[in-house]
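Undergrad: Please work out how this folds:
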Amino acid sequence: METTAILQKRAEQGDADALFRLGHRLAFSRNRPRPTDWDAVFPLWKRAAEAGHVRASFYLGVCFEHGRGTVRDLSESIRWFEKAAEQNHPVAMYNLGFSYRKGDGVRQDSERMLYWYMRAAKQGDAPSQRDLGWCYHEGFGVEQDDVLAVHWYREAARQGDRIAEYNLGLSYKDGEGVKISARWARYWLEKAARQGHRQAKVQLRRLTGASA
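TA: Residues are numbered from 1 along each chain as shown. Next up, the predicted model:
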């Protein structure tokens with residue numbers, strides 16, 4: 001691991017990766033000041049992002065989203081998420097999908113929502129897979145299809161996403177997109193419950209009571 005002094009020297013020379021990593025170290029390392037000095041982090045990520053660094057672009061979007069080291073500006077947040085997403089950053093893609101779904105910083109647009117969710121889901125991003133499953137289940141911006149909903153819930157659940165585990169458990173419990181199976185309903189609800197999903201615990205009690 002490079003020392004902070006080496007990173008600082010490289011950053012002074014305009015090395016985009018060094019700028020990003022120095023900012024990341026200031027923001028997240030165990031030895032960082034508490035609270036984080038975002039006024040010091042933001043300009044480092046901004047310089048790196050302006051040089052085309054994909055992770056810096058994503059984190060700069062987060063800074064604008066939450067007002068860290070800068071004035072909160074959702075339109076700027078979207079702009080930087082788009083730059084990262086265009087370089088295949090899956091979490092930036094998810095954030096764009098979510099923004100288009102909610103209308104945060106952009107006009108609501110189900111077509112753009114689905115575009116970014118699908119791109120991220122195909123790259124294995126669990127939250128995108130989970131939310132894409134929800135869209136198919138609810139018919140939100142897409143034709144309702146419980147089979148596809150279950151497909152995407154399962155993809156996310158296999159990665160340990162507790163909401164997807166819960167939704168998949170309900171699908172087996174109610175026979176939506178799959179055959180009713182108390183065994184598989186219990187399996188996925190138990191996995192979600194072990195991760196602290198409160199409603200999964202409620203559904204488990206109901207399932208146990210119904211089968212008693």
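Undergrad: Correct me if wrong: residue 26 contacts residue 37.
TA: Yes: assessed by CB atoms under 8 Å, residue 26 is found in contact with residue 37 at 6.6 Å. In this view, the C-beta of every residue, glycine as well, is placed from N, C-alpha and C.
Undergrad: These two: which is more packed in?
TA: Legend: neighbour count by other CB atoms under 10 Å for residue 26 and residue 37, higher for residue 26 (20 against 13).
Undergrad: what about the residue nearest to that one when sequence neighbours are not counted, which helix or strand?
TA: Excluding its sequence neighbours, the residue lying closest to residue 26 (CB to CB, 6 or more residues apart in numbering) is residue 41, at 5.0 Å. Using DSSP states H and E, residue 41 maps to helix 38-50.
Undergrad: For the chain, name the helix or strand with the lowest mean pLDDT.
TA: Here the helix or strand of the chain ranked lowest by mean pLDDT, DSSP states H and E is helix 198-211, holding a mean of 86.
Undergrad: Where does residue 101 fall, secondary structure wise?
TA: Going by DSSP H and E, residue 101 is part of helix 90-102.
Undergrad: next SSE after that helix?
TA: Counting by DSSP H and E, the next helix or strand C-terminal to helix 90-102 is helix 110-122.
Undergrad: Check which element follows that next one along the chain.
TA: Per DSSP H and E, helix 110-122 leads on to helix 126-138 as the next helix or strand towards the C-terminus.
Undergrad: I'd like to know which elements that next one is packed against.
TA: Contacts defined by 3 or more CB pairs under 8 Å, 6 or more residues apart in numbering; DSSP states H and E place helix 126-138 against helix 90-102, helix 110-122, helix 146-157, helix 162-174.
Undergrad: Residue 3 is nearest to which of these?
TA: Checking the helices and strands packed on helix 126-138 against residue 3 by CB to CB gives helix 90-102 as the closest, at 28.5 Å.
Undergrad: Tell me what angle that closest one forms with helix 110-122.
TA: Using axes from the mean of the first three to the mean of the last three CA atoms, to 10 degrees, the inter-axis angle of helix 90-102 relative to helix 110-122 is 150 degrees.
Undergrad: so what secondary structure elements neighbour helix 90-102?
TA: Helix 90-102 packs on helix 54-66, helix 74-85, helix 110-122, helix 126-138, going by 3+ CB pairs under 8 Å, 6+ apart.
Undergrad: Nice, that's everything, thank you.
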